[in-house]
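# when you get a sec, could you give me coordinates for this:
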Amino acid sequence: MSLLSLFDLNLIGRATRPALECDLPDGSRLELSFGDLEARSNRLARLLRARGLGRGDRLGFFLANRVEVIDLWLAAVKLGLVLVPINVLYRERELKHILADAAPVAVVSSRDLATLLPGGTAIWDVDELDTEARSQPAAREVVPCDATTPLAIIYTSGTTGASKGAVLTHGNFATNALALVVGWQITPDDRYLAVLPLFHVHGLANGLHCWLISGCHMRLVERFEQAKAAGWFEAYQPTLFFGVPTIFVRLADVPAETAARIGGRLRLAVSGSAPLPAELHDRFRRLYGSVILERYGMTETLMNVGNPYAGERRPGTVGLPLPHVGVRICDEAGSPVPDGTSGELWVQGPNVCAGYWRRPDATAAAWRDGWFRTGDLGVRAPDGYITLQGRRSDLIISGGFNIYPREIEEVLLEQPDIREAAVVGIRDPVRGEVPVAYLVSDRALDSDALLAALKSQLASFKLPRGFVRVDALPRTALGKVQKHLLPPWLAPA
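Below you'll find the model as predicted:
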């Protein structure tokens, strides 16, 4: 059974059923049925075919949440294309690397975002594509695909700062979504409020695919906005919501009476992409009357572990392995450790990506005897619940986004008078962690100038919250920086 055949349960089987609503820039409301989505994506697929694209061709998209992302995704599924989603917060340095590495035929973007793409990029305007596609026939044209067919190359940073593209297949996405639809009992009667970005696997592989396979109704918004969130919940009355800890921090500020009304209709709230503090679990339960379901996944593997829908949702843990996922917790030598002992999580299953794009070295390093080494440290309780303890690397997770210090350090070292740089994650009550830079410099630091230089090359969530001048970085005898010995950072009053 192909991924498309799962979507067809609704694209064809429930064609007249309302599927989606979203607000347009002019203030009007767009409402589409599953049959409308089928026709729109068929027209776009024919247009892309007319532009010369075929099975295996790579096509990037650099877009905020909008219905055209869904059209593009469905068209890719039908044509066997390989999409390259690009984070809209990325800037020149990151964009150049991804575009050079993936080498897509073109990048679909909007007029406002297209100006950020490097010169020489083949840019296809999303609005022009939409207009041109309307003249195409609505009859379906499909290229046969199976579980091994690549569908996306999604980039995730490495500890050296070199971003790697995880090759995710139709089978990876199908396995992941089926497990969630069944395990979380998502049905056509659910209403899903979608605020997560569709360039990220959380919003894409979990949110978008669960919606398409279950046949529930979705309200799509461009991005989460705290000032509008309560109004969205009150007006749309969702039963299903996926978020990251930063979003749940914001939702904890909703007035108690409003939160109680929202919680009375909200069947399931899921958090992922970063650890959720136990205190926030408790605040949400008291305000909304429900317990957040926390889970754990990665770009390379999609979902691995989750707290149960029916059963104990244990704060501070990410729960139990999903039915299709094998999990080991291993020591440095790769041997499984006893329950209660810290080690690295290794996973195995049909959810694990096909490898890293054009990186056989990285692929070989990440897999051992058929197991994928996640780089995440954790411990398993005797009853199977897993608690994450951080990264083997220096990964910083801020607001659900991964930040690798090496990438920021490299940009800092390009600045005048900066001789050494070390970036670490500092706990933050809203974003989980934020980066702070420790710098060895011959003169006093100009924080404003440093921020201005970084803003032109890095996404906003990667910008250091502070800069600390030190005489030297603590190092081992072999020259490795000992970040845990850096002086504590004191936030400005």
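
# verify the stated contact: Gln415 with Ala453.
Yes: if you go by C-beta atoms under 8 Å, Gln415 and Ala453 touch, sitting 5.6 Å apart. Where C-beta positions appear, they are placed from N, C-alpha and C, glycine not excepted.

# dump the C-alpha coordinates for stretch 354-366 into PDB.
Below are the C-alpha coordinates for stretch 354-366, written out as PDB (Å, rounded to 0.1, in the frame of the first residue of the first chain):
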ATOM      1  CA  ALA A 354      17.400   6.000   4.200                       C
ATOM      2  CA  GLY A 355      20.600   7.900   5.200                       C
ATOM      3  CA  TYR A 356      22.100  11.300   4.700                       C
ATOM      4  CA  TRP A 357      22.100  12.900   1.200                       C
ATOM      5  CA  ARG A 358      25.500  12.700  -0.400                       C
ATOM      6  CA  ARG A 359      27.100  12.000   3.000                       C
ATOM      7  CA  PRO A 360      28.200   8.300   3.100                       C
ATOM      8  CA  ASP A 361      30.700   9.200   5.800                       C
ATOM      9  CA  ALA A 362      28.000  10.700   8.100                       C
ATOM     10  CA  THR A 363      25.700   7.800   7.200                       C
ATOM     11  CA  ALA A 364      28.300   5.200   8.200                       C
ATOM     12  CA  ALA A 365      29.000   7.000  11.400                       C
ATOM     13  CA  ALA A 366      25.400   7.200  12.400                       C
END
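
# state the mean pLDDT of the helix or strand harbouring Asp71.
Taking DSSP states H and E as the definition, Asp71 sits inside helix 67-79. For helix 67-79, mean pLDDT is 98.

# mind listing the strands for the stretch 1-150 of the chain?
18-23, 29-33, 58-62, 82-85, 107-109, 123-125, 150-156 (DSSP state E, counting those that start in this stretch).

# residues contacting the first one, please?
Okay, so that is strand 18-23. For strand 18-23, contacts defined as C-beta atoms under 8 Å, 6 or more residues apart in numbering pick out 10, 29-34, 36-37, 66-67, 70, 211, 215, 217-221.

# if you set the cut-off to 6 Å instead, what comes out?
For strand 18-23, the external contacting residues (C-beta atoms under 6 Å, 6 or more residues apart in numbering) are Arg29, Leu30, Glu31, Leu32, Ser33, Phe34, Leu37, Val67, His217, Met218, Arg219, Leu220.

# likewise the third one?
Applying C-beta under 6 Å, 6+ apart, the external contacts of strand 58-62 come out as 72, 81-86, 102, 104-105, 107-109, 113.

# re earlier: out of the contacts of strand 18-23, which are buried?
For these, a neighbour count by 16 or more other C-beta atoms under 10 Å gives the buried set as Leu32, Ser33, Phe34, Leu37, Val67, His217, Met218, Arg219, Leu220.

# what sits up against stretch 293-313?
Residues outside stretch 293-313 that contact it (C-beta under 6 Å, 6+ apart): 154, 156, 166, 176, 183-184, 201, 205, 270-272, 276, 291, 318-319, 321-322, 325, 347, 351-353, 386.

# rebuild the strands of the stretch 1-150 of the chain as a markdown table, extending it with mean pLDDT and distance to Leu287.
Formatted as a markdown table, these follow (pLDDT from 0 to 100; distance: least, C-beta to C-beta, whole Å):
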| stretch | mean pLDDT | distance to Leu287 |
| --- | --- | --- |
| strand 18-23 | 97 | 26 |
| strand 29-33 | 97 | 29 |
| strand 58-62 | 98 | 36 |
| strand 82-85 | 98 | 33 |
| strand 107-109 | 98 | 39 |
| strand 123-125 | 98 | 43 |
| strand 150-156 | 95 | 33 |
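
# of all those, which one is nearest Gly243?
For the strands of the stretch 1-150 of the chain, proximity to Gly243 was assessed by C-beta to C-beta; strand 18-23 is nearest, at 18.0 Å.

# for that closest one, what is the distance to the chain centroid?
Here strand 18-23 is found 22 Å from its chain centre; the criterion is C-alpha atoms, centre = their mean, to the nearest Å.

# list the buried residues of it.
In strand 18-23, the ones that count as buried by 16+ other C-beta under 10 Å are Ala19, Leu20, Cys22.

# which residues of the chain score low on pLDDT?
1, 157-162, 476-480, 493 (pLDDT under 70).

# select the longest helix from it.
In the chain, with assignment by DSSP state H, the single longest helix is helix 34-50.

# hmm, who's touching that one?
10-11, 14-15, 17, 19, 71, 74-75, 78-79, 132-133, 136, 138, 140-141.

# which one is Glu409 nearest to, not counting chain neighbours?
Among residues not flanking Glu409 along the chain, Ala421 sits closest, at 4.4 Å (C-beta to C-beta, 6 or more residues apart in numbering).

# list the buried residues in the helix or strand harbouring that neighbour.
For Ala421, the host element (DSSP H and E) is strand 418-428. Judged by neighbour count using 16+ other C-beta under 10 Å, the buried positions of strand 418-428 are Ile418, Glu420, Ala421, Ala422, Val423, Val424, Gly425, Ile426, Asp428.

# elements contacting that strand?
helix 405-412, strand 432-441 (3 or more C-beta pairs under 6 Å, 6 or more residues apart in numbering; DSSP states H and E).

# tell me the angle that strand makes with helix 405-412.
Per axes from the mean of the first three to the mean of the last three C-alpha atoms, to 10 degrees, the angle that strand 418-428 makes with helix 405-412 is 140 degrees.

# run me through the strand neighbours of strand 418-428, direction for each.
Take DSSP bridges as the rule and strand 418-428 pairs in its sheet with strand 432-441 (antiparallel).

# now the partner strand, how far from the centre of its chain.
For strand 432-441, the distance to the chain centre is 24 Å (C-alpha atoms, centre = their mean).
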